[in-house]
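Visitor: Sequence plus predicted model, see below.
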Amino acid sequence: MKSPARTAIFALLTTNLWAQPYAGSIYGVYPEGVLINQSGGAILVPSQYATFQMNGIQIQYSQLSPGQNVQVFLPQQYMPQVTRVSDPYAWQTKYHPEHPHGGPPGLMKQHGNGRGRGHH
């Protein structure tokens, strides 16, 4: 059984390892990370370091889809990798013009000849 002092020390040491969570709705899921809509723009969070929660329940990267309201927890050492995006649509069309707006890469349904978005 852990002593109360040991538990308090562990809590104190681990409290500052995680930054305050980001909250917002998912705009899209991309190889670079998850684009989260917030008031006044969006943020691109590197998914390989993040933990996602919806209604207090942890969800996996592959379960993310646009429109979901999530909280994103990220260790503080990865905070500098979060990128502010003023216009999510412009970012998506610039960096992923053929990416279907939506779920994780490789998991979206392909249309037509497999290029996505029904191109023939």
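Guide: Arrived safely, thanks for sending.

Visitor: After the top strand by length along the chain, which helix or strand is next? Please name it.
Guide: Ranked by number of residues, the top strand in the chain under DSSP state E is strand 22-30. The helix or strand immediately downstream of strand 22-30 is strand 33-38, counting by DSSP states H and E.

Visitor: Send me that following strand as PDB with only the CA atoms.
Guide: Output of strand 33-38 as PDB, limited to C-alpha atoms (Å, rounded to 0.1, in the frame of the first residue of the first chain):
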ATOM      1  CA  GLY A  33      -2.200  15.700 -36.900                       C
ATOM      2  CA  VAL A  34      -5.700  16.500 -35.900                       C
ATOM      3  CA  LEU A  35      -7.100  19.900 -36.900                       C
ATOM      4  CA  ILE A  36      -9.300  21.300 -34.100                       C
ATOM      5  CA  ASN A  37     -11.700  24.100 -34.700                       C
ATOM      6  CA  GLN A  38     -11.600  26.800 -32.000                       C
END
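
Visitor: Parallel or antiparallel, list what pairs with it.
Guide: Sheet pairing of strand 33-38 (DSSP bridges) gives strand 22-30 (antiparallel), strand 41-45 (antiparallel).

Visitor: what mean pLDDT would you report for the first one?
Guide: The one in question is strand 22-30. Regarding strand 22-30, the rounded mean pLDDT is 93.

Visitor: let's have the chain start at 260 instead
Guide: Sure thing, new numbering starts at 260, so read that last one as strand 281-289.

Visitor: on that earlier part again, residues of the longest strand of the chain that come out buried?
Guide: Y281, G283, I285, Y286, G287, V288, Y289 (16 or more other C-beta atoms under 10 Å). (C-beta placed from N, C-alpha, C; glycine too.)

Visitor: Output the contacting helices and strands for whatever helix or strand Q317 lives in.
Guide: According to DSSP H and E, Q317 maps onto strand 316-318. Using 3 or more C-beta pairs under 8 Å, 6 or more residues apart in numbering; DSSP states H and E as the contact test, the elements touching strand 316-318 are strand 310-313.
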